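**Student:** After the sequence you'll find the predicted model.
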Amino acid sequence: MPKITEIQKIDRNLRADNLVRETKILNIARLAKMLVDLFGLDEPFQKIGKYEGKEIEMYLKELDGYITFTLTSERQNFECQVQKAISPIARITITVKEEKILQVLSSIIRSKSNLFGLTKLLKYIIPGKARIKGSYIAAIKLVRCLMIGKHEVYKQST
């Protein structure tokens, strides 16, 4: 009889851990959507071109979860879902520790959507903290849409 209660306790703990993990992933997806809605720029979305409607999957390895972004040419239609993509054109894998995930994503999001901002990505790609499989161009177009560093809120007032 004691074994049944132990199994139920383990099962309950496992479900609680999964719920916490899924909540963290959902909050990251909501944060990305909210930041693009509030501070996003229309210019990168207008440059999506032939990649419109394509899915890009972001896999957060430490949280073992997926966020799927669908590329669109209008910022108002930007959407992301917490699920595995059906047919992604590119996969971005983030392999940093759980505590560093928000720091890495925040650094990317706060960058300017220009050549210098894109070179900041190299500090994550070269050491393997972020990997891209599939279309690099589609992944870069997504990242440029997420970058909000050119917004006036980031401009210094002198």
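**Tutor:** On my side now, so go ahead.
**Student:** does the one residue sitting closest to the centre of the chain count as helix, strand or coil?
**Tutor:** Among the residues of the chain, the one closest to the centroid is Met58, at 5.6 Å (CA atoms, centre = their mean). Secondary structure for Met58, judged by DSSP: H, G, I helix; E, B strand; the rest coil, is strand.
**Student:** Quickly list what it is bridged to.
**Tutor:** Following DSSP bridges, Met58 is listed with bridge partners Ile67, Ile92.
**Student:** How about stretch 138-145, which residues are buried there?
**Tutor:** Using 16 or more other CB atoms under 10 Å as the test for burial, stretch 138-145 gives 138-139, 141-145. Bear in mind the C-beta positions are built from the backbone N, C-alpha and C, glycine included.
**Student:** which residues touch that stretch?
**Tutor:** Residues from elsewhere that reach stretch 138-145 (CB atoms under 8 Å, 6 or more residues apart in numbering): 36, 40, 44-45, 47-48, 51, 54, 56, 69, 71, 75, 78, 89-90, 92, 108, 113, 117-118, 121, 132.
**Student:** For that stretch, what does the pLDDT average out to?
**Tutor:** For stretch 138-145, the mean per-residue pLDDT is 92.
**Student:** roughly how far out does that stretch sit from the chain middle?
**Tutor:** When C-alpha coordinates are averaged (CA atoms, centre = their mean, to the nearest Å), stretch 138-145 and its chain have centres 11 Å apart.
**Student:** Also stretch 53-61?
**Tutor:** On CA atoms, centre = their mean, the centre of stretch 53-61 falls 8 Å from that of its chain.
**Student:** quick one on the thing from earlier: pick the one among the buried residues of stretch 138-145 closest to Ile101.
**Tutor:** Set against Ile101, the nearest of those by CB to CB is Val143 (15.5 Å).
**Student:** Assumed that closest one was part of a strand.
**Tutor:** No - Val143 is assigned helix when assessed by three-state DSSP, not a strand.
**Student:** if I look at it, how far off is Arg21?
**Tutor:** For Val143, the distance to Arg21 (CB to CB, to the nearest Å) stands at 24 Å.
**Student:** helices or strands next to the helix or strand in which Leu14 is found in the packing?
**Tutor:** Counting by DSSP states H and E, the element that carries Leu14 is helix 2-39. Contact partners of helix 2-39 among helices and strands, from 3 or more CB pairs under 8 Å, 6 or more residues apart in numbering; DSSP states H and E: strand 65-70, strand 79-81, helix 101-109, helix 136-146.
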